[in-house]
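In: Structure, please.
(one chain, ligands or ions: 1)
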Amino acid sequence: MTFFDEFQKHDHRRVLDRIMGMKAQDVERALQAERPGIEDFQALISPAAEDYLEPMAARSHRITRQRFGNNIQMYVPLYISNECTNGCVYCGFNANNPVHRKTLTMEEIEQDALALHRQEFRHVLVLTGEAPNAVRNEELAAAIRKIRPLFSSISIEVYPMDVAGYREMVAAGVDGLTIYQETYDPDLYKELHLFGKKRDFLWRLGTPERGGEAGIRRIGIGALLGLGNFYVETFFTGLHALYLAHRHWRSLVSVSFPRIRPAEGGFAPLYQVTDKQMVQGICAMRLLLPDCGLTLSTRESARFRDNLIPLGVTQMSAGSSTAPGGYSHKDEGTGQFNIDDDRSPEEISRVIRSKGYEAVWKDWDAAFLEDTAS
Ligand code: SF4
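Out: Numbers count the residues shown, from 1 in each chain. Predicted structure coming up:
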C-alpha cells in the first residue's frame, strides 16, 4: 500500500462538501476527542471551527509545549542553483522566466556555507531548481560532503529522486528531505505545471515515501497555499502527514505552511488564504499530529510570525536569501520569490526569547545515529 491508495479513497468534491457541511457540534466533538482523527480534522479546518480558534490555539499550545518543550529550531535555506527545466507558473525559477541563472561552484557553496556557519546556523536546507544537468546526484552529494563538517543537520529541497538516489544522499550526510506537493488536486496540478518532469503528479506524490524508505530521518511536506482550495489542500496535507507518520515512523514528519509570495513571472494566487485560516490550519494540524514538526518560513511577515510562535510552530527559518550565492557573493542569481520577514537571525532569536522560547541552533547531530548503530 502507498499513499496513492489512501489518496484515491477520498474524492475531492466530497471532501470539500463534507468540510463545508461541518457544524458547531462537530467541532466541539473534535475538540473533546482525546486523540482527534482525520474526521475530526475535517471539522477543525472547516469554516464552522473559525469560532473556536481560541480553544484550538490553547490546546495546540499545550500539546506543543508537552512534546517539544519551549524550543524553536532555527534553520536557513542555502540555494546552490536556480536553473530549472520545469514550467511551474507560480515560480520565479520557471524555465521560461528570463532571470539571471546561476549554479554555484564548489568553492562558492563553501563560501556561502561558511557565511551561514559564522551566523551560528547548524541546520541548513540545501535547495536547487530542477535541472538534471545543472546539479546531478553525484554533484549534490559532493557538495553535501563538502559542507557537512560545518552543520549538524543537512536537509535538501531539490528535484525528486528514486530510493537509490536518496540512499546516496543519506550516505553523503543528508538527514532531512523537504518536498511540497504544491497542490493535491491532480487537474489543477496539470494546469499549473506546464512542462518538464514536474508534470508527473504521481512521481511527486510518492517522493516523501521514497525518502522514508531510504532512511531519511526528517521528512517535510506541504501544499503551496494559494494554489488550490484551502480546505481541500489542508485536508490532503493532513492525510499525507498522518500516513507518513504511521508508515515511516522512524522519520520525524513535519508540515510547512508556505503561502504564495510575489515572484518573477507575476503569478497571482488563485485563492486568498487569510491569516485566520493559516492559524486554524496550524492548530488543527497540531491536534491531528501531536509529534509533527510545524515549520514557518520567512515568506510570512515578521509580525505574523511572531504571533504564531506560541501556537504550535516548532521550526523557523531566519536571515534567508532565496538566491544562489545570496550570503557571500555580489553577483548572485535571481531569487525564487520575495521574502517578507527580512530580520537578522539575532533579531528573530531575540523575539523568540521574549516570548519565553529558546531559539535552538542545534538539536541533532549525525553522530547520534552512529551511536545508536554501534
Ligand atoms: S517550483 Fe521548482 S520545479 Fe517549479 S519552476 Fe520553481 S524551481 Fe523549477
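In: residues in the stretch 1-150 of the chain within reach of the ligand, list them.
Out: Proximity of the stretch 1-150 of the chain to the ligand is assessed by Cβ under 6 Å from any ligand atom, with C84, N86, C88, C91, F93, N94, G129, E130 identified as the residues in range. Where C-beta positions appear, they are placed from N, C-alpha and C, glycine not excepted.
In: got the contact list for D162?
Out: Residues in contact with D162 (Cβ atoms under 8 Å, 6 or more residues apart in numbering) are R210.
In: Ranking by neighbours, what's the top pick from the residues of the stretch 1-150 of the chain next to the ligand?
Out: Looking at those with neighbours defined as other Cβ atoms under 10 Å, the largest count falls to F93 at 29 neighbours.
In: Let's see the pLDDT reported for it.
Out: pLDDT recorded at F93 is 93.
In: ok, back up a step: can you list the residues of the stretch 1-150 of the chain next to the ligand in JSON lines and add secondary structure?
Out: Formatted as JSON lines, these follow (DSSP: H, G, I helix; E, B strand; the rest coil):
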{"residue": "C84", "secondary structure": "coil"}
{"residue": "N86", "secondary structure": "coil"}
{"residue": "C88", "secondary structure": "strand"}
{"residue": "C91", "secondary structure": "coil"}
{"residue": "F93", "secondary structure": "coil"}
{"residue": "N94", "secondary structure": "coil"}
{"residue": "G129", "secondary structure": "coil"}
{"residue": "E130", "secondary structure": "coil"}
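In: Closest to F7 out of those?
Out: Proximity of these to F7 (Cβ to Cβ) peaks at C88, which lies at 20.7 Å.
In: where's the closest residue to G215 other than its chain neighbours, which helix or strand?
Out: Nearest residue to G215 in three dimensions, chain neighbours excluded: V170, at 5.4 Å (Cβ to Cβ, 6 or more residues apart in numbering). Using DSSP states H and E, V170 sits within helix 163-172.
In: what does I156 give?
Out: I156 is part of strand 153-157, with elements assigned from DSSP H and E.
In: and that strand, average pLDDT?
Out: For strand 153-157, the mean per-residue pLDDT is 97.
In: And the helix holding V170, what's buried?
Out: Along helix 163-172, the positions that meet the burial threshold by neighbour count (16 or more other Cβ atoms under 10 Å) are G165, Y166, R167, E168, M169, V170, A172.
In: Please apply the same query to stretch 48-59.
Out: When burial is assessed from 16+ other Cβ under 10 Å, stretch 48-59 yields the following buried residues: A48, A49, Y52, M56, A57, R59.
In: Next, format those as a markdown table and append distance to L202.
Out: Output for the buried residues of stretch 48-59, formatted as a markdown table (distance: Cβ to Cβ, whole Å):
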| residue | distance to L202 |
| --- | --- |
| A48 | 33 |
| A49 | 32 |
| Y52 | 36 |
| M56 | 34 |
| A57 | 36 |
| R59 | 36 |
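In: Which residue lies nearest the spatial centre of this protein?
Out: For the chain, the residue whose C-alpha lies nearest the mean C-alpha position (Cα atoms, centre = their mean) is S256; its distance is 3.7 Å.
In: how far away is the closest residue to it other than its chain neighbours from T274?
Out: Counting by Cβ to Cβ, 6+ apart, S256 lies nearest to G222, which is 3.8 Å off, once chain neighbours are set aside. Distance, G222 to T274, by Cβ to Cβ, to the nearest Å: 18 Å.
In: who has more neighbours, the two?
Out: G222 (21 against 11).
In: Just confirm that one contacts T237, I think it does.
Out: Yes: shown here, G222 and T237 form a contact pair, counting by Cβ atoms under 8 Å, at 6.3 Å.
In: shared neighbours of these two, anything?
Out: Taking Cβ under 8 Å, 6+ apart as the contact rule, the neighbours common to G222 and T237 are Q181, V255.
In: what helix or strand is E233 on?
Out: Using DSSP H and E, the secondary-structure element containing E233 is helix 230-247.
In: Just after that helix, pick out the following helix or strand.
Out: Reading on from helix 230-247 to the C-terminus, the next helix or strand found by DSSP H and E is strand 252-256.
In: Which strands border that following strand, and is each parallel or antiparallel?
Out: Each strand that strand 252-256 pairs with, and the sense of that pairing, follows from DSSP bridges: strand 218-221 (parallel), strand 293-296 (parallel).
In: For the residue nearest to the centre of the chain, give me its contacts.
Out: For S256, the set of contacting residues under the criterion of Cβ under 8 Å, 6+ apart consists of T178, Y180, G220, I221, G222, L294, T295, L296, S297.
In: do the same with S81
Out: K102, T103, L104, T128, G129, A131, A134, V135, P324.
In: With that, I have no additional questions.
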